[in-house]
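Peer 1: this is the structure alone, sequence omitted:
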């Protein structure tokens with residue numbers, strides 16, 4: 001069941017080809033958003049990037065959660081204004097990076113109800129961090145697929161999100 005609405009989208013091509021590379025763009029979505037913490041283990045250049053440990057603070061102790069993380073790029077911790085946030089790393093992949101422990105915003109894209117009563121609810125979540133280049137906007141960090149047995153994660157009123 002989709003949980004977002006697309007309100008607007010803009011795209012600026014990098015050259016004459018309207019289907020080619022993009023120099024700039026944004027999308028405005030309306031959806032349920034939860035601010036929480038993301039912790040990522042440190043990475044050493046001798047390690048395997050696919051084995052990094054991710055921990056998203058989504059569930060209470062009585063909830064059972066299983067989550068799979070699909071980051072778009074390496075992540076780092078940064079500050080936008082006075083707020084600590086997870087950001088797209090400026091370091092190259094497979095280069096050493098310190099641990100991350102900062103705020104992220106979860107935009108709930110879709111919910112899948114269990115086939116049987118009492119089963120886990122499935123969630124598709126887009127992870128967002130504050131944008132360094134556009135005030136008030138977010139940047140996509142990756143996707144999380146989560147199975148939660150317990151409470152409903154996405155509640156509240158829809159929030160308008162600008163992603164650049």
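Peer 2: Received the coordinates, thanks. Treat the numbers as computed from the prediction; the structure is a model and nothing was measured.
Peer 1: which residues touch stretch 28-41?
Peer 2: Residues outside stretch 28-41 that contact it (CB atoms under 8 Å, 6 or more residues apart in numbering) are 3-9, 52-58, 75, 86, 99-109, 127-128, 153-156, 158-163. Any C-beta I mention is one placed from the backbone N, CA and C, and that applies to glycine too.
Peer 1: going through the residues you listed, which ones are buried?
Peer 2: 3-4, 52, 54, 56, 58, 75, 86, 100, 102-109, 127-128, 153-154, 161-163 (16 or more other CB atoms under 10 Å).
Peer 1: verify the stated contact: residue 22 with residue 9.
Peer 2: No - using CB atoms under 8 Å, residue 22 makes no contact with residue 9, being 11.6 Å away.
Peer 1: just for this protein, where's the confidence low?
Peer 2: Along the chain, segments meeting pLDDT under 70 span 45-50, 59-63, 150-151.
Peer 1: need the contact list for the residue at minimal distance from the centre of it.
Peer 2: Residue closest to the mean C-alpha point of the chain, counted by CA atoms, centre = their mean, is residue 127 at 0.6 Å. Contacts here follow CB under 8 Å, 6+ apart; on that basis residue 127 touches 38, 56, 71, 86, 104, 105, 106, 140, 141, 142, 143, 144.
Peer 1: how about the residues you listed in JSON lines, adding secondary structure?
Peer 2: Formatted as JSON lines, the contacts of residue 127 follow (DSSP: H, G, I helix; E, B strand; the rest coil):
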{"residue": "38", "secondary structure": "strand"}
{"residue": "56", "secondary structure": "strand"}
{"residue": "71", "secondary structure": "strand"}
{"residue": "86", "secondary structure": "strand"}
{"residue": "104", "secondary structure": "strand"}
{"residue": "105", "secondary structure": "strand"}
{"residue": "106", "secondary structure": "strand"}
{"residue": "140", "secondary structure": "strand"}
{"residue": "141", "secondary structure": "strand"}
{"residue": "142", "secondary structure": "strand"}
{"residue": "143", "secondary structure": "strand"}
{"residue": "144", "secondary structure": "strand"}
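Peer 1: closest one of the residues you listed to residue 13?
Peer 2: residue 140 (19.6 Å; CB to CB).
Peer 1: so what pairs up with that closest one in the strands?
Peer 2: In this entry, residue 140 is beta-bridged to residue 128, by DSSP bridges.
Peer 1: number of nearby residues for it?
Peer 2: For residue 140, the neighbour count with other CB atoms under 10 Å is 18.
Peer 1: do residue 126 as well
Peer 2: So residue 126, with other CB under 10 Å, has 22 neighbours.
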